[in-house]
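1. got a structure for you, letters missing:
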């Protein structure tokens, strides 16, 4: 049992908007949990989940924590329904539910309509995917570095990884001569990769490994 402190919208690589409940930290099966997925807008409506609610959280399959139910008896008098945004919280683009040709229904997931690398959150996730283990697999180029280089305006597009300004990186905190030359070596090593890794790195929807 925990309390929802806030509901944040996370944006994934494919533009999918996922609502996440920030909860008061609670121990579930020996793991400290402070985030729980709320899946999508329909799920929030169905369970009528609101900020400030006391909720039951479980770790499904010992992996992702999610909210099962709300204790309505403990709901505060001044609580309001959670309103999903009409625009992408990252770039302001319109958000839509796509029509699924297979199920002949609208998808439950809302997506940002921004294409390419205009949306900051999508771009960062795409770049993380590009350098990931199954894709370019650039050693020492982890998620934290992608975020840091993005915010420092060192990379905005995948191709810029291969023309980094190493003199700027040398001046950054925590980057010595050795770590810079290791990074340069790792990147140069991956200038030639197999075709299937390259296709996968582009992150085209519905095309996995």
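-> Now that the structure is in, tell me what you want to look at. The shown structure was predicted, so the numbers you read here are calculated from the model rather than taken from an experiment. Numbers count the residues shown, from 1 in each chain.
2. Without its sequence neighbours, what residue ends up closest to residue 202?
-> Spatial nearest neighbour of residue 202, chain neighbours left out: residue 130 (7.8 Å); criterion: Cβ to Cβ, 6 or more residues apart in numbering. C-betas here are computed from N, CA, C, even on glycine.
3. should've said residue 86
-> residue 95 (6.8 Å).
4. quick one: average confidence on the helix or strand hosting the one you found?
-> Under the criterion of DSSP states H and E, residue 95 resides in strand 95-100. Strand 95-100 comes out with an average pLDDT of 92.
5. What of stretch 149-161?
-> Stretch 149-161 shows a mean pLDDT of 96.
6. And that stretch, end to end?
-> End-to-end distance for stretch 149-161, by Cα to Cα, to the nearest Å: 10 Å.
7. what does stretch 67-75 give?
-> 15 Å.
8. buried set for it?
-> Within stretch 67-75, the residues that count as buried by 16 or more other Cβ atoms under 10 Å are 67, 70.
9. What of stretch 52-63?
-> 53, 54, 55, 57, 58.
10. Pull out the buried residues from stretch 28-47.
-> In stretch 28-47, counting by 16+ other Cβ under 10 Å, buried: 33, 36, 37, 38, 39, 40, 41, 44, 47.
11. Please enumerate the strands of the chain.
-> For the chain, applying DSSP state E gives strands covering 2-11, 16-28, 31-37, 54-60, 64-70, 95-100, 105-112.
12. need the buried residues of stretch 28-47 in a markdown table with pLDDT and distance to residue 157, can you?
-> Output for those, formatted as a markdown table (pLDDT from 0 to 100; distance: Cβ to Cβ, whole Å):
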| residue | pLDDT | distance to residue 157 |
| --- | --- | --- |
| 33 | 95 | 36 |
| 36 | 95 | 34 |
| 37 | 94 | 30 |
| 38 | 95 | 32 |
| 39 | 93 | 31 |
| 40 | 94 | 30 |
| 41 | 93 | 31 |
| 44 | 95 | 34 |
| 47 | 95 | 40 |
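13. What is the nearest of those to residue 10?
-> Of all those, residue 37 has the smallest distance to residue 10: 8.9 Å, by Cβ to Cβ.
14. For that closest one, which non-adjacent residue is closest in space?
-> Counting by Cβ to Cβ, 6+ apart, residue 37 lies nearest to residue 66, which is 5.0 Å off, once chain neighbours are set aside.
15. Tell me what the one you found is bridged to.
-> Applying DSSP bridges to residue 66 gives these bridge partners: residue 37, residue 58.
16. That one contacts residue 60, doesn't it?
-> Yes. Counting by Cβ atoms under 8 Å, residue 60 is a contact partner of residue 66 at 5.8 Å.
17. which residues in this structure form helices?
-> Residue ranges of the helices in the chain, as given by DSSP state H, are 41-47, 120-131, 143-151, 166-170, 177-189, 195-201.
18. Which of the ones you listed has the highest mean neighbour count?
-> Among these, helix 120-131 has the highest mean neighbour count (mean count of other Cβ atoms under 10 Å), at a mean of 22.
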